[in-house]
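Participant: need coordinates for the following:
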Amino acid sequence: MASKNGIDRRDEDEVCPVCKSSRYLNPNMRFLINPECYHKMCESCVDRIFSSGPASCPVAGCRKTLRKNRFRQQTFEDIGVEREVDIRRRVMHILNRREDEFDSKRNYDDFLEQREDIITNLVSRIDVAKTEAQLQKYAQENMQSIRVNQALEEQEASSFQKRMTLEQEEARVRRQAARAEYESERREMQATREDFLVRLASGSAADAAAIAREEHKVQLKKSSARRSEEDRIRQKQAALRGTETKRMGTSLTTADTAGPAADAGLIKGLRKIKTPEPEKPYDPFMGLVPGKRDYYTQQESYPSTYLDKLRTNTAALAGGYDLQEYYSRTLLEAFAGLGCFVQEEVAQRDAMSSLGLSKSTATEGAAMAAVDENIA
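Facilitator: Next comes the predicted model:
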């Protein structure tokens, strides 16, 4: 709580343990603390003792080495609360595992309980040396995952801030539109009322009911049009809000960036991330082994009138001609696109169509030509 001159009343009666000065004698005195020992001393003593470099704490009985850049003003009135907040912030900065890194919700709850136990031990000064050693070891072994989770937290905080800013801007635009619409309706209603009064004054008593009905219809049409426009604007804003939320969504995930998760030692139940094996280089010819391809399956035989005759043709088989080799080479050329010229095939197809040849006749002719070339 601050007094009229801006001085915190909790420091009015405090005395510096080094120079024994108090705020009663020096109203502009400012007290600082260091998170190493949380001993409070005035700013002038801090400048005088620690400006030349690190030094021991001047408070009697305290042997901790302090540095000037670590001194800061106290945030909470109770120094115990100040210390607990600093410890909690430091521990959660190191043990910042996320729920999606664990195998189950139970394991994540156990991790949260374990983290609270560590914070309690440090706050209560129970096994401080052992707990600090465990934290330091964990921080060294899991530096990459700690940095990745910190980046995720910063990204989520930035996305949340952008979303809040967007919602505030939308609310401001809606308020302005509502005020403008209210003014427009008020002016329109005033003009309509004046026109209605003029028409009533210039017309007869028999025309009053007709003029009133006509005016009522006009008001209903305007109200319906206004509601339709409001619904359209509301739907458009909802669509824009959904698009913005998807665009600002978190693109990083711990599983994608943290690498393989080994046993963290201090933390149990972490999900094991499997690293995919590197893909082997693709060989379209599969080692040039006939009949072994992964993009087609070669059959024992294919129906063809001309090829059926070759199976019993001793003249063709005497020189070592093999139909299976012909099948393999033909299918490889077909699926791999070897020797495929689309323009020539289209011209040949058009020529056969003009001559009235059927597709089966053309296929057998091509097969005969290929076999003749192999025999030759």
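Participant: now do the helices in the stretch 51-200 of the chain.
Facilitator: 79-94, 105-124, 128-141, 143-202 (DSSP state H, counting those that start in this stretch).
Participant: and for Ser328, the neighbour number?
Facilitator: When neighbours are defined as other C-beta atoms under 10 Å, Ser328 has 19 of them. All C-beta spots, glycine's among them, are computed from the backbone N, C-alpha and C.
Participant: surely it touches Thr297?
Facilitator: No: judged on C-beta atoms under 8 Å, Ser328 makes no contact with Thr297 at a distance of 11.4 Å.
Participant: phi and psi next, for Gly41.
Facilitator: Residue 41: Met, not Gly. The phi and psi torsions at Met41 (degrees, to the nearest 10) take the values phi -150, psi 160.
Participant: in the sheet, who's paired with it?
Facilitator: For Met41, the beta-bridge partners are Leu32 (DSSP bridges).
Participant: residue contacts, it?
Facilitator: Shown in contact with Met41 (C-beta atoms under 8 Å, 6 or more residues apart in numbering): 16-18, 31-32, 58-59.
Participant: out of the residues you listed, which end up buried?
Facilitator: 16-18, 31-32, 58 (16 or more other C-beta atoms under 10 Å).
Participant: and the furthest pair within those?
Facilitator: The span of those, defined through C-beta to C-beta, is set by Phe31 and Pro58 at 14.0 Å.
Participant: out of the buried ones among the contacts of Met41, flag the one nearest to Glu101.
Facilitator: Among these, Leu32 lies closest to Glu101 (C-beta to C-beta), at 38.9 Å.
Participant: so Ser328 is in which element?
Facilitator: helix 323-336 (DSSP states H and E).
Participant: list the buried residues in that helix.
Facilitator: For helix 323-336, by 16+ other C-beta under 10 Å, it's 323, 326-328, 331-332.
Participant: check stretch 155-174 too.
Facilitator: For stretch 155-174, by 16+ other C-beta under 10 Å, it's Ser159.
Participant: try stretch 46-55
Facilitator: Result for stretch 46-55 [16+ other C-beta under 10 Å]: buried residues 46, 49-50.
Participant: now it, how far from the chain's geometric center?
Facilitator: 45 Å (C-alpha atoms, centre = their mean, to the nearest Å).
Participant: which outside residues touch that stretch?
Facilitator: Against stretch 46-55 from outside (C-beta under 8 Å, 6+ apart): 18, 32, 58, 65-68, 71.
Participant: which parts of this protein belong to which domain?
Facilitator: Per automatic domain parsing, the domain ranges recorded for the chain read 1-74, 145-247, 286-375.
Participant: so how far is the second one off the chain centroid?
Facilitator: Which is domain 145-247. 33 Å.
Participant: could you list the low-pLDDT ranges of the stretch 51-200 of the chain?
Facilitator: 200 (pLDDT under 70).
Participant: thinking again about what came up before, packing partners for the helix holding Ser328?
Facilitator: helix 359-375 (3 or more C-beta pairs under 8 Å, 6 or more residues apart in numbering; DSSP states H and E).
Participant: what's the average pLDDT for the helix it packs on?
Facilitator: Per-residue pLDDT over helix 359-375 has a mean of 51.
Participant: next one: stretch 22-31
Facilitator: So the average pLDDT for stretch 22-31 ends up being 84.
Participant: list the buried residues of that stretch.
Facilitator: Neighbour counts over stretch 22-31 (16+ other C-beta under 10 Å) mark 22-23, 29, 31 as buried.
Participant: got it, and stretch 54-72?
Facilitator: Going by 16+ other C-beta under 10 Å, stretch 54-72 has these buried residues: 57-58, 66, 68, 71.
Participant: now swap in stretch 135-155 and tell me
Facilitator: 135, 138, 142, 145-146, 148-149, 152.
Participant: can you tell me how far the nearest residue to Glu84 once chain neighbours are set aside is from Thr131?
Facilitator: Of all residues not flanking Glu84 in the chain, Val123 sits nearest, at 5.0 Å (C-beta to C-beta, 6 or more residues apart in numbering). Distance, Val123 to Thr131, using C-beta to C-beta, to the nearest Å: 11 Å.
Participant: please apply the same query to Ala315.
Facilitator: For Ala315, the distance to Thr131 - C-beta to C-beta - is 92 Å.
Participant: neighbour-wise, which of the two wins?
Facilitator: Thr131 (18 against 9).
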